[in-house]
Every structure is written in C-alpha cells, then in structure tokens.
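[1] quick one: sequence plus predicted model below, questions after.
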Amino acid sequence: MTSGNNPKPKVEGQKKAAEWRLRLYVAGQTQKSMAAFANLKRICETHLQGKYEIEVIDLLVSPQLAKDDQIIALPTLVRKLPPPLKKIIGNLSEEEKVLVGLDLRVAKPA
Amino acid sequence: MPLDSLLKTPTGIDGLDEITNGGLPTGRTTLVCGSAGSGKTVLGMEFLVHGILDFGEPGVFMTFEETEKDLTRNVASFGYDLPRLQKEGKLAIDHVYIERSEIEETGEYDLEALFIRLGNAVDTIKAKRVVLDTIEVLFAGLKNESIIRAELRRLFRWLKQRDLTAIVTGERGDGMLTRYGLEEYVADCVIFLDHRVNDQISTRRLRVVKYRGSTHGSDEYPFFMGPTGFSVLPITSVGLTHGATEERISSGIPDLDKMLAGKGFFRASSILISGTAGIGKSSLAAHFLLAACRRGERAVYFGFEESSQQIIRNARSIGMDLRPWVEKGLLHFVTIRPSSLSLEAHLASMLHDVKKRKPDVVVVDPVTNFINLTNFNGARSMLTRLVDFLKMQQITTVFTHLSTMATGLESTNEGISSIMDSWILLRDIEQDGRRRFAIYILKSRGMAHSHELREFKITDSGIRVGGIYTHSLQAASIQPRKKRARARGTASGGRK
C-alpha cells in the first residue's frame, strides 16, 4: 500500500484518447489490488508519461465483465491499446516483467 | 434408499442413479475422470440438462476446453437444445479461455475472478448444479502451481458452502486418476470413465471409484452414448432377484405346448431356439409372436438379419399374417445390422426400446450375431444382462440361435444355455436322400417336459409338430394321414 489512490472505476492519466490504454481488473480494495495499482502507476509515470490512461474495473461492482473480458486471475492488467491485447496477472511487483509484458522492453535472454 | 442418510441429487442419467443408489451427493463435488473422449463432458452436460428438464434445477456449465459453440453443437446430437435452455434462463455456459503464451505473470495473484464469474452465473439463474469441465486446464495455462492448488481447495470449499452439487472433470493421469491429482481435493465421490477398443469395437465402462457415506455398485458398468443420450447399463446389479411366476403362455404351436408339459412356456422365462440354417427358427418365433398378439399382448421383435418386410413376407408364406398386429400397434419391429453398433450400444438401444414399448414378449432373432460380433465373454455378459433385465420386467423372450453342424449342435450353445430357462433344438437329419427335421426339448426348467424327438415340418399353414421321430420314414411322417395314424400308435404319451 504505497499509494493513497483508490482503485475505483476511474480514468487516470491523459483524458483524451491516449496512445496507451490500460485496464486493471480488481475485486475490491485488497492489498493485492492496491499494490498492483501503485506499481502500475509508478511504472507508467516512469515509462509512459503523458501518453497513458488507466481504467480500474472492480469486478465486485461489474461481475459480468469477468466473463466478457475473459478474466480469471486478479489483479489482471490488460493492454487494450496499442494492439495486440496483452494480459499481465499479479500485483505487478516486478517492473522488468511488466515492461516485457507490455512490450516496452524486449525480454532478456535467460 | 433407506440405508443412505446422505442427501442425493439424481443425475437423471439412465442407470447411473441406480448404481449410486439415488444420484450424486447433494451439495458436494463429484470428480468424473477418464481419458480424452471418454464421455466426461457429455456426462456433465446431461447432469445439468436432466437437472433442468426433470428436476427443475438450473445449472451452470463452466467449460475450460470447448467453446460454447462447439459444446452446443456436440450435445445437439443427443437432442439437447442448449440455446433454448439458456434463453429460458435455466442454463448458463461460460467458456473460460486461458492461453499461457498470452499471459505474463508477475507477483502475487489469486483466481478471484473465476469465483466472481461462477458466482455471478450461479446467482443470475439461481443454479443448484455446477459443472467445471476440465478445470485442470488451469495448470497448463498458469505457471504458479501452488497458487492454483490453494485456489482449487478454496473453490471446492466455496462450492460446498454455497450448497451446490457439482461435477468437476479431470483427465486421466499416469498411475493417478487425474493428471494433476484433483482426487486429492474431491473426497466425496469419484467416478471413472474408461474407453477401450477391443477387436476394433469400442467399449465404454463406468465405475464408481468411491462414494463417501453411501453404498454403491462397485463393478465396471458398460455405458453408451447415443441418440438417447448417456446411459449406463447397471444390469449386473440386478442379479437373480426376479420373481418366478407360475403363469404359462403358449408357444403358439399347440403340439409344442404339449411337449412343454401341456401348457407352454413359463411367463417371464428365457427361451432359446437353436438349429441349423433355414430350419425354421424364425418361423417358430413368429408363431410365438402371433399367439401373444392374439392374446392382446404387446410384442417387440429385434431382427438382426432380415428387414421387417422380409419377416412379414416369410411369415405370410407359411400362413401367418403379422401385419394387422403391426398396424394395431401390438407388434413392433426393430431391425438393425449387428455390426453397425457396438455391443453396449446394442444393449442400450434394446433396453431403450423395451422401456419405451413395454412389451409382454420379445423375440431376438438371431442372438448368434452378437457372438460373432465380439469375444464370447463379452457377448455372454451382455446376454446375461439382457435376460436379467427382461425377466425383471416379466417379459418372456425367445432367442434364436444358429448352430452349425461343424461345431456340433449342442456344444456351441453351452455358454449361453445356462442363462436360458428353456432350450428347444431343431435338428436337421439327412436320411435316405431326404432332409428331415426334428424338434426336441433339451431342457425346460421347472416342468416335466417331453424328452421325445419329434418330427417337425413347415407347411403353408405354419409349423407342424408331428409324432415321434424314428428312422423309419413311414412311421414318422406327418402326412399322409394313414402313416400319421400309425406313427401315433407308436408314440407314447404323445399326440391324442
């Protein structure tokens, strides 16, 4: 819980159609979801400043979206734009993996 | 069942509720495991569809493998209209799609979204039944196995708390019931499905591996998936509990009835008629059918060699008209080629027809083809099940059996004769440049039957049983009259 932000359905970052549209699926304000939001916010501010938008979806509020968007794990981060659609699950604690998952960095050869 | 205090939820699947003494444990999860294509999905879907149609219990089907479209199409062949049930708000299908290559994992997570999806579907249609098919896909789709295991444990607890009667399916593993050890989580009821192919004929078997707090049949039961859906054949559990009636019914031939202690067969008995090709087994069976219809009884004829038209024509050629009884709805023909279905499939479809038609008498003509169809033990156990089932329903059944001279008239029948109450043999004797036919009763349980070998003839007014067969042509012939009279003179306790 490094951030005071409330992960409620809302849009963060740039208000107009952003280049990067990210969706974070959570279920209520759990430790995991708060951590995920804080981690995501920090990564975006560092790497995508000014060109991103985060939408937080609380599945406790809109459960139907879990089926519609094929979500099984929480938290799940979905990159809606740019295509293709990408999914990252977990609290996003490892920045490196998040960047690879978002195609912001090429995976290092093991 | 009085012994079981456990609440049970009937599956509505033919036979399965009998084996489990009433169904699956209510409010618990049952594991259904088996290899690919063993029928897990169909069993699960039938559980839901019967729940909706027969017991008014809505159900949720969560599919991890097949898409909703595929699933709908696959069960449509069993006559189930899933879109209609969905529209009526009684069925919810959720296809959970997981593709490992599309998912990156970083840090802690749980499967709460899966719970939300399931919970939402259950709440929306007020479901009582849930099927998860095959939840093990999670192990292939996600990397963190310890999270999956913890969440599965939570999921089964969650299902129990919500009092949902559930089926989870699992793929068979090496040396384990399921590949990922789902049996570890599901402790209440485990059903195993097996699919083997012997001599190019597929056989399916179902076994209740465990059922906590309940008695259950522990054998392997054949099952079948066909146009009538999923049906298990629990007939081995029937055993020898059928009652024995004193009632007698005519064979359709008065002189044969006389040989059977004067009154014909026992009702609800099994009768085997064996003989060489063309000797008149089917004609004898036709007499039996006609007599039943004339008494106003219902009859089903299972023909495996000839079409119904052919059978009717042949009977007419010897003076028996079966057609009016077909038109009256008393006589029903079922004609199939034995090779077109597996043994289990035959048995299931025959049981289905019998349940539907509720006949008093049945003819199976000939039973030989089953023995050709598969290994002898398989055929024997199938026949035993069929005979037990028919007896339970108080049905009298005539089986015809083709025997060949080469293997011996009686030896070929040894295996199946023990499950028959009466055994009539038609013999073919070549003598003095003529082929002559004789009939005798090898056995008929519970009556003092004749032990004579009698002349047997097919005339244009049906089968005639004559005097005692002797090697002298003059003595035994049915016609002309004079000779018959003489034959009668030598017969002891025979014709009047």
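    That came through fine. All values derive from a computational prediction rather than experimental measurement. Numbers count the residues shown, from 1 in each chain, chains lettered A, B, ... in the order given.
[2] going forward, measure contacts and count neighbours with C-alpha atoms only.
    OK.
[3] low pLDDT regions in chain A?
    Where chain A drops to pLDDT under 70, the residues are A:1-17, A:107-110.
[4] C-alpha coordinates for the longest helix along it, PDB please?
    Determined from DSSP state H, the single longest helix within chain A is helix A:31-47. Taking Å, rounded to 0.1, in the frame of the first residue of the first chain, the C-alpha atoms of helix A:31-47 are listed here in PDB:
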ATOM      1  CA  GLN A  31      -3.800  -5.500  -0.500                       C
ATOM      2  CA  LYS A  32      -3.000  -7.100  -3.800                       C
ATOM      3  CA  SER A  33      -5.100  -4.700  -5.900                       C
ATOM      4  CA  MET A  34      -3.800  -1.600  -4.100                       C
ATOM      5  CA  ALA A  35      -0.300  -2.800  -4.600                       C
ATOM      6  CA  ALA A  36      -0.900  -3.500  -8.300                       C
ATOM      7  CA  PHE A  37      -2.400  -0.100  -8.900                       C
ATOM      8  CA  ALA A  38       0.500   1.600  -7.200                       C
ATOM      9  CA  ASN A  39       3.100  -0.400  -9.100                       C
ATOM     10  CA  LEU A  40       1.300   0.200 -12.400                       C
ATOM     11  CA  LYS A  41       1.000   4.000 -11.700                       C
ATOM     12  CA  ARG A  42       4.700   4.200 -10.900                       C
ATOM     13  CA  ILE A  43       5.800   2.200 -14.000                       C
ATOM     14  CA  CYS A  44       3.600   4.300 -16.300                       C
ATOM     15  CA  GLU A  45       4.800   7.600 -14.900                       C
ATOM     16  CA  THR A  46       8.300   6.400 -15.500                       C
ATOM     17  CA  HIS A  47       8.000   5.000 -18.900                       C
END
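[5] that one vs chain B: in contact?
    Yes. Helix A:31-47 reaches chain B (C-alpha under 8 Å from any C-alpha of the partner chain) through A:Lys32.
[6] what is the helix or strand following that helix packed up against?
    Going down the chain from helix A:31-47, the next helix or strand is strand A:52-58, by DSSP states H and E. Judged by 3 or more C-alpha pairs under 8 Å, 6 or more residues apart in numbering or on different chains; DSSP states H and E, strand A:52-58 is in contact with strand A:11-13, strand A:20-26.
[7] mind exporting the C-alpha coordinates of the last one to CSV?
    Right, strand A:20-26. What follows is strand A:20-26, C-alpha atoms only, in CSV (Å, rounded to 0.1, in the frame of the first residue of the first chain):
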residue,chain,number,x,y,z
TRP,A,20,-1.7,3.5,-24.2
ARG,A,21,-5.0,2.3,-22.8
LEU,A,22,-4.6,0.0,-19.8
ARG,A,23,-7.2,-1.7,-17.8
LEU,A,24,-6.6,-3.0,-14.3
TYR,A,25,-9.2,-5.6,-13.0
VAL,A,26,-9.5,-5.9,-9.3
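[8] direction included, what does it pair against?
    As defined by DSSP bridges, the strand partners of strand A:20-26 come to strand A:52-58 (parallel), strand A:76-81 (antiparallel).
[9] and the ones you listed as TSV, adding mean neighbour count and distance to B:Leu351?
    Converted to TSV, the strands paired with strand A:20-26 look like this (neighbours: other C-alpha atoms under 10 Å in any protein chain shown; distance: least, C-alpha to C-alpha, whole Å):
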stretch	mean neighbour count	distance to B:Leu351
strand A:52-58	23	54
strand A:76-81	22	52
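[10] got these as TSV, with distance to B:Asp70 columns?
    TSV is the format used below for those (distance: least, C-alpha to C-alpha, whole Å):
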stretch	distance to B:Asp70
strand A:52-58	30
strand A:76-81	27
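[11] mind checking which of those strands is nearest B:Glu305?
    Closest approach to B:Glu305 among the strands paired with strand A:20-26 is made by strand A:76-81 (63.4 Å; C-alpha to C-alpha).
[12] give the contact list for the residue lying closest to B:Pro366 once chain neighbours are set aside.
    Computed as C-alpha to C-alpha, 6 or more residues apart in numbering or on different chains, the closest residue to B:Pro366 that is not its neighbour in sequence is B:Thr400, at 4.7 Å. Residues near B:Thr400 by C-alpha atoms under 8 Å, 6 or more residues apart in numbering or on different chains: B:272-274, B:281-282, B:285, B:363-368.
[13] now the two most distant members of these.
    B:Ala285 and B:Thr368 (14.8 Å).
[14] with neighbour numbers in mind, choose between those two.
    B:Ala285 (24 against 20; other C-alpha atoms under 10 Å in any protein chain shown).
[15] and chain B, which residues reach chain A?
    So chain B meets chain A at B:94, B:96-97, B:102-114, B:116-117, B:120 (C-alpha under 8 Å from any C-alpha).
[16] from B:Phe437, how far off is B:Val334?
    Distance of B:Val334 to B:Phe437, given as C-alpha to C-alpha, to the nearest Å: 29 Å.
[17] next, count neighbours for B:Ile429.
    Per other C-alpha under 10 Å, the neighbour tally for B:Ile429 reads 12.
[18] on the three-state scheme, it is what?
    State at B:Ile429, reduced to three classes by DSSP: H, G, I helix; E, B strand; the rest coil: strand.
[19] then B:Val465?
    Three-state call for B:Val465 (three-state DSSP): strand.
[20] I'd guessed it sits against B:Leu453; true?
    No. With contacts counted by C-alpha atoms under 8 Å, B:Val465 stays clear of B:Leu453, the gap being 10.2 Å.
[21] quick one: neighbours of residue 28, just the number.
    With no chain named, the answer covers chain A. Using other C-alpha under 10 Å, the number of residues around A:Gly28 comes to 17.
[22] chain B, not that one
    26.
[23] so who does it touch?
    Contacts of B:Arg28 (C-alpha under 8 Å, 6+ apart): B:159-160, B:163-166, B:188.
[24] got a quick ChimeraX command for the buried subset of those residues?
    The following ChimeraX line selects those of the contacts of B:Arg28 that are buried, judged by 16 or more other C-alpha atoms under 10 Å in any protein chain shown:
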select /B:159,160,164,165,166,188
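[25] strands - which of the contacts of B:Arg28 land there?
    Counted as lying in strands by DSSP state E, out of the contacts of B:Arg28, are B:165-166.
[26] what do B:Val465 and B:Leu453 both touch?
    B:Ile439.
[27] contacting residues around the spatially closest residue to B:Lys128 that is not a sequence neighbour?
    Nearest residue to B:Lys128, sequence neighbours excluded (C-alpha to C-alpha, 6+ apart): B:Leu164, at 5.3 Å. Going by C-alpha under 8 Å, 6+ apart, B:Leu164 touches B:26-29, B:127-130.
[28] swap in 6 Å and give it another go.
    Residues near B:Leu164 by C-alpha atoms under 6 Å, 6 or more residues apart in numbering or on different chains: B:27, B:128-129.
[29] in which helix or strand does the closest residue to B:Trp423 other than its chain neighbours reside?
    Closest residue in space to B:Trp423, ignoring its immediate chain neighbours: B:Leu272 at 4.7 Å, by C-alpha to C-alpha, 6+ apart. B:Leu272 is located in strand B:270-275, with elements delineated by DSSP H and E.
[30] now the following helix or strand past that strand - C-alpha only, CSV.
    Scanning forward in sequence from strand B:270-275 by DSSP H and E, the next helix or strand is helix B:281-294. Extracted C-alpha coordinates of helix B:281-294, given in CSV (Å, rounded to 0.1, in the frame of the first residue of the first chain):
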residue,chain,number,x,y,z
LYS,B,281,-36.3,-70.9,-36.1
SER,B,282,-37.7,-67.6,-37.2
SER,B,283,-41.0,-69.3,-38.1
LEU,B,284,-41.2,-70.8,-34.7
ALA,B,285,-40.6,-67.4,-33.2
ALA,B,286,-43.3,-65.9,-35.5
HIS,B,287,-45.8,-68.4,-34.1
PHE,B,288,-44.9,-67.3,-30.6
LEU,B,289,-45.3,-63.6,-31.5
LEU,B,290,-48.7,-64.2,-33.3
ALA,B,291,-50.0,-66.1,-30.3
ALA,B,292,-49.0,-63.2,-28.0
CYS,B,293,-50.7,-60.6,-30.2
ARG,B,294,-53.8,-62.7,-30.4
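[31] good, we can wrap up now.
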